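# Predicted coordinates and the sequence they were generated for:
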Protein chains: 2
Amino acid sequence: MNGKIFIIEDEPSIIQLVQHNLEKNGFIVSSSVNGNDGLKELKKFQPDLLLLDWMLPDLSGVEICKNIRKDTSYKNLPVIMLTAKGEEEDKIKGLDSGVDDYLTKPFSFNELMARIKAVLRRSNPNTVSDNLKFDDLMLDRIEKRVFRDDQEIKLGPTEFRLLEFFLTNPKRVYSRDQILESVWPNNVNVESRTIDVHIRRLRQSVNLKNKKELIRTVRSSGYSLI
Amino acid sequence: MNGKIFIIEDEPSIIQLVQHNLEKNGFIVSSSVNGNDGLKELKKFQPDLLLLDWMLPDLSGVEICKNIRKDTSYKNLPVIMLTAKGEEEDKIKGLDSGVDDYLTKPFSFNELMARIKAVLRRSNPNTVSDNLKFDDLMLDRIEKRVFRDDQEIKLGPTEFRLLEFFLTNPKRVYSRDQILESVWPNNVNVESRTIDVHIRRLRQSVNLKNKKELIRTVRSSGYSLI
DNA sequence: TTTAAATGTTACAATTTTGTTACAAATTAA
DNA sequence: TTAATTTGTAACAAAATTGTAACATTTAAA
């Protein structure tokens, strides 16, 4: 279990409790004690999930949340709102402002953990860790290595990016255009057939003997993992 | 705001309250008072969201939930669990069993409504499902796959588009001209009889043995699902 | 019943799509 | 620098899909 979690919360006791326990559970954690700093830090830190206090010295949690949703790169960032208020009105506002879940203080760490897991599982089943896994395949983004079962597979740079791309949404069928946009650097022009050749190369590397085919061709649509 | 919501709950007063209010809000609602009936009804009703009681006469909510997650066509069905217990233990169990959210009784309808909205927004951002379902047929637009019950059906590109088209309005009868316009690329000229041949091919693929005919011929008008 | 129209079925050639290989250019490592 | 690796594309092979014609069967009307 790993991933990056950012906390915006002004009560030091809560930060301490949560940060310490999250780190013990393998998360990388960073935090801010107010909204404006938080928004800046957020972009540097690039978290996979945000714990957001409802009441902050400067901005309210809802304002921060709306702010985040406007930003293209963060509009899908999962947010769990922490609130001291139990009033129903507030809960509703929180949910409608695009929050994924909320938690009323005081809460136990176990409860928080369960929510985090649930939200991460929903938003991003694979990036719960930096290792992308699918079937017997494992791709380590940090070390840039790929294994099938325990056998390492050597991939060229493009093959690696291609596989990484497929692994963020295994089973989903991507058109050649989508693949081009996501896997090749911007404003590079390559023919769509080029992808077929790279798919072939990836297949050759990844399809060890005695293993089933991993890449599906969907005629007239594209490719996907399977 | 529309969509189909199914309720499995044994307290009539809650069913009545919730069902009535949800219908007032534009949802189509159906319900069962126990788990086993619920699981059967569910498949007929094909809801976009399930409200599930924690304590039921026969199966527990968690058991039902696990049951649902096993079924290919329902593994992504959003579930909100209703529980009378306030114990944290239960909450965690609920979340880990694949529930998307939970709500502790007694709750106000407004609060339920907010949760439903939040869950639907997450699971189904465009309020357009990516899975088209009709009877025992399921078409997954993302993975480009078609199942009848749990058996996969392999279709060619045109067969797939044809079925996809019919599924957007099952039961509706489409003329050959309408089918041509919607399923074939623009400014392509094919004979109207060509459709008959593709219908035949689709029939052959889709009509597994022991299954009833799915495509109806309406003489002098066109075709429809049935 | 007979007839005409509509639809079902089959076969097949043409076309489209994808797989595979080879190779030169470009990039990177030694 | 040289050597090795990576990359994009062209060219051809293989496979799947497609449209149509031709004939069969069903349906509805006369």
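Perfect, I can see it now.
# how about the residues of chain A that lie near DNA strand D?
Taking C-beta under 7 Å from any atom of the strand as the contact definition, chain A meets DNA strand D at A:156-159, A:184, A:188-191, A:193-194, A:197-198, A:201, A:219-220. No exception for glycine: its C-beta is placed from N, CA and C like everyone else's.
# So among these, which ones count as buried?
Buried members of the residues of chain A next to DNA strand D, counted by 16 or more other C-beta atoms under 10 Å in any protein chain shown: A:Glu159, A:Trp184, A:His198.
# Remind me which helix or strand A:His20 belongs to.
A:His20 belongs to helix A:12-24 when elements are defined using DSSP states H and E.
# And the following helix or strand past that helix, what does it pack against?
Next helix or strand after helix A:12-24 toward the C-terminus (DSSP H and E): strand A:27-32. Packing partners of strand A:27-32 (3 or more C-beta pairs under 8 Å, 6 or more residues apart in numbering or on different chains; DSSP states H and E): strand A:3-8, helix A:12-24, helix A:35-45.
# from those, which stretch is densest packed?
Comparing these by mean neighbour count (mean count of other C-beta atoms under 10 Å in any protein chain shown), strand A:3-8 ranks first with a mean of 22.
# quick one: that one to helix A:12-24, angle?
180 degrees (axes from the mean of the first three to the mean of the last three C-alpha atoms, to 10 degrees).
# From the recorded domain assignment, give the ranges for chain A.
Domain assignment for chain A by automatic domain parsing gives A:3-123, A:131-225.
# Least confident secondary structure element in chain A?
helix A:88-96 (a mean of 57; mean pLDDT, DSSP states H and E).
# hang on, the earlier thing: which one of the helices and strands packed on strand A:27-32 has the poorest average confidence?
Mean pLDDT across the helices and strands packed on strand A:27-32 is lowest at helix A:12-24; the value there is a mean of 81.
# touching chain B at all, that one?
No. Using C-beta under 8 Å from any C-beta of the partner chain, helix A:12-24 never reaches chain B; the gap is at least 15.0 Å.
# quick one, that helix and strand A:27-32 angle?
Here helix A:12-24 runs at an angle of 160 degrees relative to strand A:27-32 (the same axes, to 10 degrees).
# Check which helices and strands helix A:12-24 is in contact with.
The contact analysis (3+ C-beta pairs under 8 Å, 6+ apart) places helix A:12-24 against strand A:3-8, strand A:27-32, helix A:109-123.
# Alpha carbons of that helix, as PDB, please.
This file holds the C-alpha atoms of helix A:12-24, laid out as PDB (Å, rounded to 0.1, in the frame of the first residue of the first chain):
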ATOM      1  CA  PRO A  12      -1.500  20.200  14.800                       C
ATOM      2  CA  SER A  13      -2.700  17.300  16.900                       C
ATOM      3  CA  ILE A  14      -4.700  15.800  14.000                       C
ATOM      4  CA  ILE A  15      -1.900  16.400  11.500                       C
ATOM      5  CA  GLN A  16       0.500  14.600  13.800                       C
ATOM      6  CA  LEU A  17      -1.700  11.600  14.400                       C
ATOM      7  CA  VAL A  18      -2.800  11.200  10.800                       C
ATOM      8  CA  GLN A  19       0.600  11.800   9.200                       C
ATOM      9  CA  HIS A  20       2.400   9.500  11.500                       C
ATOM     10  CA  ASN A  21       0.000   6.700  11.100                       C
ATOM     11  CA  LEU A  22      -0.300   7.100   7.300                       C
ATOM     12  CA  GLU A  23       3.500   7.000   7.000                       C
ATOM     13  CA  LYS A  24       3.500   3.900   9.100                       C
END
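# I am finished for the moment; much appreciated.
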